[in-house]
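Visitor: coords please:
(one chain, ligands or ions: 2)
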Amino acid sequence: MAPRVLISDKLSAAAVQIFADRGVDADFLPDIGKDKARLQEIIGGYDGLAIRSATKVTEKLIGAAGRLKVIGRAGIGVDNVDIKAATSRGIIVMNTPFGNAITTAEHALSMMMAAIRQIPAADASTQAGKWEKSKFIGRELTGKTLGLIGCGNIGSIVADRALGLKMKVIAYDPFLTPERAISLGVEKVELETLLARADVISLHTPLTDKTRNIINDETLAAMKPGAVLINCARGGLADEMAVRAALDSGKLGAAAFDVFVEEPAETNPLFGAPNFVATPHLGASTLEAQENVALQVAEQMCDYLLHGAVTNALNMPSISAEEAPKLAPFVRLAEQLGLFAGQLTESGIETVRLEYAGAVAELKTEALTAAALTGLLTPLLQTVNMVSAPALAAERGLSVEELRRGKRGAYETYIRLTVVTERQERSVAGTVFADGKPRIIQVKGINMEAELGAHMLYITNEDKPGFIGHLGTELGSAGVNIATFNLGRSAPGQDAICLVEVDGEVPPDVMARLQAVSHVKQVKALRF
Ligand SMILES: NC(=O)C1=CN([C@@H]2O[C@H](COP(=O)(O)OP(=O)(O)OC[C@H]3O[C@@H](n4cnc5c(N)ncnc54)[C@H](O)[C@@H]3O)[C@@H](O)[C@H]2O)C=CC1
Ligand SMILES: O=C(O)C(=O)COP(=O)(O)O
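Guide: Numbering: from 1, shown residues only. Ligands and ions are numbered 1, 2, ... in the order given. Take a look at the predicted model:
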């Protein structure tokens, strides 16, 4: 059955076309994002949700989205998505980090010019028949200092264009490297310096706990008198009441905002303030940007839903369409190793160590570790997948170690998973043969070669004559058919392990009889 996607915001029709071309059923309901109740009712029927900023993907909505595998944001900001809730339900959240960056940078520059030359007010006055030439005296940008708070994708495009306008550009961004600052032609400064020196300040950070209200009474007081403030990033970066007061007092010469704490902003403390310019979250709204982000998000969502390829996800490492098929058998192996160890481990796991040897070490091992953790946590948790497993493991205080090494021993490539608990260390290793099927090649240091079926018996025993016959008789007389039988031992007469695939569940009374077979130490039924 084709995957189903809901487009719940106003995406360009280009997205609908991509979904259709690639064989994904897409329902284009661009107003439903704003109808929370209706969205909640229907979301359960979809594998993918494509959004812009109007749809709020809350924990409650995610709770009703039983089938959802991917949320695609046609744009940059994902503050309207509860990523933590999505992650713990195993849903990938992806965005399109570059498609609308130029357009948004251009909007920030338009807002800067509009504010500094009072274009909206001059326009209204002129069209009202007044000719107030002396009322609208502006300021020149050449030679002025632009202070960027946040110099990532959009901030650096703004910097490039502002340098073309002969402005001096300074930037406060803790993650901007000195080398990058030099190559952009901007001076990296601390926030206090930026506030003290900038004639125009433009915000280009995401909204986080650190950036919320970064523009407040205190930072406004530290600005130059008559400074101009631009916000085309996120409402909430500036305290709107404080900005209003600064405009009223003349401390701020002008401000131009595209984004507001509450959106849609039908009323706002800033509306009507002197020299204030507003647009309704238009930063990304050009034909070019909307086509870019719609095409990109639709392609990314199709790649994931149809082939398991992951691009621009915020809660999962990227896996290209080329890598996905190479990775798939190792994902299965890693998950089986995790399931194996998870079912055998009774006490609390402290550390999980994954060793990747040979060719597999060249693949996206982060994804394989996520698959191993999925298997490991499956016996403990109801729903877990590669997206949620790393976060769930971290929540449980599990320390995860990854080692990568060249080919070693008889196998071209293998994965070994070691689980360390308070009491013991237990390892299980496996490989993928040319047929693409995973095999277990070592359990607790004992070599063997076993394919894992749906129902397995894991038996530890002493390597003594008579054991196999006795075991076979018990299973046969209980009507349990043996599909495969694999043995390994540390040395003749020493510890041995037996992995038996059986054609169905083994009843508890038969398990008890197997446990009583001579030389058996432990019998455990495992499910894969
Ligand atoms: N108005 C609109 O329609 C649009 C708004 N946006 C918004 O623009 C903002 C920037 O987007 P991008 O440049 O693509 O993001 P980005 O992630 O490329 O850049 C953000 C920069 O902010 C910096 N940063 C993070 N925390 C900081 C802090 N505490 N202080 C100073 N800098 C900090 C980061 O180091 C990074 O360099 C986002 O909030 C995004 O949602 C994006 C597109 C359209
Ligand atoms: O991409 C972003 O972060 C934006 O803010 C654009 O929002 P929009 O898609 O126009 O609702």
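Visitor: list the helices and strands the lengthiest helix in the chain packs on?
Guide: For the chain, the longest helix by residue count, based on DSSP state H, is helix 323-344. Under the contact definition 3 or more C-beta pairs under 8 Å, 6 or more residues apart in numbering; DSSP states H and E, helix 323-344 sits against helix 365-377, strand 413-421, strand 425-432, strand 438-443, strand 520-527. Yep, even glycine has a C-beta here, placed from its N, CA and C like the rest.
Visitor: can you list the ones you listed in CSV and add mean neighbour count, mean pLDDT and distance to R489?
Guide: Listed next are these as CSV, based on neighbours: other C-beta atoms under 10 Å; pLDDT from 0 to 100; distance: least, C-beta to C-beta, whole Å:
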stretch, mean neighbour count, mean pLDDT, distance to R489
helix 365-377, 25, 95, 26
strand 413-421, 21, 95, 19
strand 425-432, 20, 94, 16
strand 438-443, 22, 94, 11
strand 520-527, 16, 93, 13
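Visitor: go through these and name the closest to ligand 1.
Guide: helix 365-377 (20.7 Å; C-beta to the nearest ligand atom).
Visitor: for ligand 1, what's the nearest residue on the protein?
Guide: Taking C-beta to the nearest ligand atom, the chain has G152 as its residue nearest ligand 1, at 1.9 Å.
Visitor: what does the chain put close to ligand 2?
Guide: Neighbours of ligand 2 within the chain, by C-beta under 6 Å from any ligand atom: 52-53, 75-77, 100, 281, 283-285.
Visitor: between the two ends of stretch 274-285, what distance do you get?
Guide: 26 Å (C-alpha to C-alpha, to the nearest Å).
Visitor: now stretch 309-318
Guide: End to end - C-alpha to C-alpha - stretch 309-318 spans 7 Å.
Visitor: need the CA coordinates for the helix or strand where E350 lies. CSV is fine.
Guide: Here E350 sits within strand 349-358, counting by DSSP states H and E. Output of strand 349-358 as CSV, limited to C-alpha atoms (Å, rounded to 0.1, in the frame of the first residue of the first chain):
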residue,chain,number,x,y,z
ILE,A,349,22.5,-2.4,31.7
GLU,A,350,25.1,0.2,32.4
THR,A,351,27.2,0.3,29.2
VAL,A,352,26.6,-0.9,25.6
ARG,A,353,29.7,-1.3,23.5
LEU,A,354,29.5,-1.7,19.7
GLU,A,355,32.5,-2.8,17.7
TYR,A,356,32.3,-2.4,13.9
ALA,A,357,35.1,-4.3,12.1
GLY,A,358,35.9,-4.3,8.4
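Visitor: the inter-axis angle of that strand versus strand 413-421?
Guide: Per axes from the mean of the first three to the mean of the last three C-alpha atoms, to 10 degrees, the angle that strand 349-358 makes with strand 413-421 is 170 degrees.
Visitor: pass me the low-pLDDT residue ranges in this protein, would you?
Guide: The model of the chain has pLDDT under 70 over residues 382.
Visitor: close to ligand 1: what parts of it are there?
Guide: Taking C-beta under 6 Å from any ligand atom as the contact definition, the chain meets ligand 1 at 75-77, 97, 100-101, 104, 149-155, 172-175, 204-206, 208, 210-211, 232-234, 258-259, 281, 283-284.
Visitor: report the buried members of the residues you listed.
Guide: Among those, those classed as buried by neighbour count (16 or more other C-beta atoms under 10 Å) are 75-77, 97, 100-101, 104, 149-155, 172-173, 204-205, 211, 232-234, 258-259, 281, 283-284.
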